[in-house]
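Peer 1: Make a model of this:
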Amino acid sequence: MSQLELGCDKCRGKTPPVGARCKFCGRMGDPPPAHRCHARCCMVAVKPEMLMCKRHWFMVPLHIRRAVWDTYRQGQCDDKSPSREWHSAASAAIGYVAKQEGHGLTKSEAEALEFFSRESTDPRDHP
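Peer 2: Alright, predicted model coming up:
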């Protein structure tokens, strides 16, 4: 075994936190986790282009799902610069699922849900 596999006298081979490096021996922690579903407490890995896992995505009303896709820009996951409109639609989607699952809402989620509840004319979108 190499020194990096064993660690040093200071870290005694303990694994550093995810993505971190031991400041004494240089040993790396595990790589950061894959992109996850944005629904609260969901750990399902999804493609970076996807906001949520299939189960949570289809809980979201159709008009909000459409708004998320209509405001999505190819490459926004790479350059980390999604539009304000996409953020609003995503907040509404995340907030809607959170509300259905009994979680609290952030201020931006509550505001986005209020906006999108006025936008919808489909009675199926208003439980």
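Peer 1: CA only for contacts and neighbour counts going forward, please
Peer 2: Will do.
Peer 1: now stretch 44-60: how far from the chain's centre is it?
Peer 2: 9 Å (C-alpha atoms, centre = their mean, to the nearest Å).
Peer 1: Tell me the buried residues in it?
Peer 2: For stretch 44-60, the neighbour count (16 or more other C-alpha atoms under 10 Å) marks 46, 50-53, 56-57, 60 as buried.
Peer 1: try stretch 93-108
Peer 2: Quick answer for stretch 93-108 (16+ other C-alpha under 10 Å): 93-98, 105.
Peer 1: Need the distance between the two termini of that stretch.
Peer 2: Taking C-alpha to C-alpha, to the nearest Å, stretch 93-108 runs 11 Å from one end to the other.
Peer 1: hmm, back to that, pipe the buried residues of stretch 93-108 into CSV and attach secondary structure, pLDDT and distance to residue 112 per row.
Peer 2: Shown next, in CSV, are the buried residues of stretch 93-108 (DSSP: H, G, I helix; E, B strand; the rest coil; pLDDT from 0 to 100; distance: C-alpha to C-alpha, whole Å):
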residue, secondary structure, pLDDT, distance to residue 112
93, helix, 98, 9
94, helix, 98, 10
95, helix, 97, 8
96, helix, 97, 9
97, helix, 98, 13
98, helix, 97, 13
105, coil, 96, 10
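Peer 1: From these, pick the one nearest residue 28.
Peer 2: Using C-alpha to C-alpha, residue 94 comes nearest to residue 28 of these, at 32.9 Å.
Peer 1: What's the local residue count around the nearest residue to that closest one once chain neighbours are set aside?
Peer 2: Distances taken as C-alpha to C-alpha, 6 or more residues apart in numbering place residue 39 nearest to residue 94, at 5.7 Å, with adjacent residues excluded. Neighbours of residue 39 under the rule other C-alpha atoms under 10 Å: 21.
Peer 1: try residue 112
Peer 2: Neighbours around residue 112, by other C-alpha under 10 Å: 23.
Peer 1: Tell me who's in contact with the residue nearest to it when sequence neighbours are not counted.
Peer 2: Nearest residue to residue 112, sequence neighbours excluded (C-alpha to C-alpha, 6+ apart): residue 92, at 4.8 Å. Going by C-alpha atoms under 8 Å, 6 or more residues apart in numbering, residue 92 touches 64, 109-113, 116.
Peer 1: Fine by me, we can end here.
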